[in-house]
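[1] structure for this input, please:
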Amino acid sequence: MKILCFALFACAYNLIFGYVGLLAFGHAAFFGSSAYVAAFTAASWGFPTELAILSGMVVATLIGAVFGWLAIRRQGLYFAMITLALAQLVYFYAIQAPWTHGEDGIQSVPRGYLFGFIDLDDTMNMYYFVLAIFLIGFAAIYRIGRSPFGQILKSIRENEPRAISLGYSTDRFKLLAFTLSAMFAGLAGATKAIVFQIASLADLYFTTSADALLMTLIGGVGTLLGPIVGAIVVVTMQKEFATLGAWVVVVQGAAFVLCVLFLRKGVIGTLEDWMATRSESKRIAAGYATGLAAKAVE
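    Residues are numbered from 1 along each chain as shown. A predicted model of the protein is given here:
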């Protein structure tokens, strides 16, 4: 379930980084704020699970729209630093606000009942619920990437001046993509809070944004399955090397360095290139063999 939550989070990040080419350092703000709102509404207001997750998504979407409106006018490192600064504002607010309970976070969040009768305290029921949320989110992101809107986002990534010359308002498209990315990140964060029954400052910390970036880079930027593979790799490393304590970060850093050195396009991106090269080689070989056969007939 943790892999599914973070895979959706990485897919949401890939929507802005892979499809638009905007490097953001503040997606933890959407992930964490949604987790806090979902946890609070479920634990304090008694919202049903579906409504609690929806509430977190709405808040994350609104924050994403505001942050995007403030940051989207800048590019490159300036955009990245603005998103990081805004995310840190949310983090420090969570430390001070009374309803977030500071460093203790919101604990003992009830999983509740899905549709009023499916007990989500049952692990298998919870798993299938999370799987359904992931598949719905993944299908929506897949459809966005294959839609005319997604093609415009890719054109902005490849050559923004040309997209502007074709009459597209690139800032508006980037803002919409940023808001959608925040919405899906909020869906992942709210689901994670219900699964683990806690929302903590770790959800808002900048390392959570770094994890999303790392997952995307390891799996393959701009690929469909890359963020999922990256999430599997990163979450598995965190679990298997948990006994190393703080050295887990070092292991993750080493994995990132190796990926940059030997898998420049990530696991899926490199695999796609290899398959394309192999297919091209087969096509050339087949053409060469056909030519030889034709000459033999002559």
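[2] do you know how far residue 97 is from residue 91?
    Distance of residue 97 to residue 91, given as CB to CB, to the nearest Å: 11 Å. C-beta: built from backbone N, CA, C; applies to glycine.
[3] again with residue 61
    19 Å.
[4] okay, residue 97 and residue 91: which has more neighbours?
    residue 91 (20 against 11; other CB atoms under 10 Å).
[5] surely residue 267 and residue 219 touch.
    Yes - Residue 267 is within contact range of residue 219, at 5.7 Å (criterion: CB atoms under 8 Å).
[6] do you have the helices of the stretch 101-250 of the chain handy? List them.
    For the stretch 101-250 of the chain, the helices defined by DSSP state H, counting those that start in this stretch occupy 123-146, 148-158, 160-165, 170-196, 206-219, 226-240, 247-262.
[7] JSON lines for these, including mean neighbour count and distance to residue 27?
    Below are those laid out as JSON lines (neighbours: other CB atoms under 10 Å; distance: least, CB to CB, whole Å):
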{"stretch": "helix 123-146", "mean neighbour count": "16", "distance to residue 27": "14"}
{"stretch": "helix 148-158", "mean neighbour count": "16", "distance to residue 27": "17"}
{"stretch": "helix 160-165", "mean neighbour count": "13", "distance to residue 27": "22"}
{"stretch": "helix 170-196", "mean neighbour count": "25", "distance to residue 27": "5"}
{"stretch": "helix 206-219", "mean neighbour count": "23", "distance to residue 27": "5"}
{"stretch": "helix 226-240", "mean neighbour count": "21", "distance to residue 27": "12"}
{"stretch": "helix 247-262", "mean neighbour count": "13", "distance to residue 27": "17"}
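[8] those: which one's closest to residue 19?
    Of all these, helix 148-158 sits nearest to residue 19, with 4.5 Å by CB to CB.
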